[in-house]
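In: curious how this folds, go ahead:
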Amino acid sequence: MTSHPTSVALAPADRAEATSRLRLAVGRLSRRMRQESSLGHSLTQIGILATLDRAGATTLGDLAAIERVSPPTITKAVGTLVGEGLVEKVADPDDRRVVRATLTEAGRRDLDAMRSKRDAWLATRLAALDDDDLARLVDLVPVLEALTAEEPHPDDPTDPPS
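Out: As a prediction, this is how the structure comes out:
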């Protein structure tokens, strides 16, 4: 992250309030986008679909670590997605004892549909902003990206530290 030349250091109380307000706003925005586009899937299921899209075939143990849920939770969620035809389990080509989950074409279509619905909902909300607010928000995107990029998940094999 870079500091802005006209920035002013926040007092600790102001920093704490800004932190809480940002957490609340980002959380509400994230929850609202999920509500607009879940297609009936749980958050864990959506996370699994997104991870498999990003990482490719992944063991259930790695999925549990990436999604930060217990192995039984991943087993149940993947089982539901397999039953819906969105994910399939395949044997690892190098070790037939290892099973990996992978997206099916139907899973990729559902994920694309969810992403399109989120984008459409967010575009509608952004269209309600005036030009100055939209420009300020767009200027903040690199800052928000840096906040999420600086702390990779230690157990995510697809997200190595930089």
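
In: for the closest residue in space to S37 that isn't next to it in sequence, give me its contacts.
Out: Among residues not flanking S37 along the chain, K117 sits closest, at 3.7 Å (Cβ to Cβ, 6 or more residues apart in numbering). For glycine as for every other residue, the C-beta is placed from the backbone atoms N, C-alpha and C. Counting by Cβ atoms under 8 Å, 6 or more residues apart in numbering, K117 makes contact with E36, S37, L39.

In: and the host helix or strand of K117, what's buried?
Out: Assigned by DSSP states H and E, K117 belongs to helix 105-127. Residues of helix 105-127 classed as buried: G107, D110, L111, M114, R118 (neighbour count, 16 or more other Cβ atoms under 10 Å).

In: cool, and stretch 22-35?
Out: M33.

In: now stretch 47-65
Out: Applying 16+ other Cβ under 10 Å to stretch 47-65 flags 47-52, 55, 57-58, 60, 62-65 as buried.

In: select from the residues you listed every entry located in strands.
Out: Among the buried residues of stretch 47-65, the members found in strands (DSSP state E) are T58.

In: from the contact counts, what lies against the helix or strand of the chain with the lowest mean pLDDT?
Out: Lowest on mean pLDDT, DSSP states H and E among the helices and strands of the chain sits helix 12-37, with a mean of 89. Helix 12-37 sits against helix 105-127, with contacts defined as 3 or more Cβ pairs under 8 Å, 6 or more residues apart in numbering; DSSP states H and E.

In: just to revisit the earlier point, including pLDDT and distance to I74, could the buried residues of stretch 47-65 go into TSV?
Out: Output for the buried residues of stretch 47-65, formatted as TSV (pLDDT from 0 to 100; distance: Cβ to Cβ, whole Å):
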residue	pLDDT	distance to I74
G47	91	10
I48	95	7
L49	95	13
A50	93	14
T51	94	10
L52	97	12
A55	93	14
A57	95	14
T58	96	10
L60	95	5
D62	94	9
L63	94	5
A64	93	4
A65	91	9
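
In: which of the buried residues of stretch 47-65 sits closest to R96?
Out: Nearest to R96 out of those is A57 (Cβ to Cβ; 13.7 Å).
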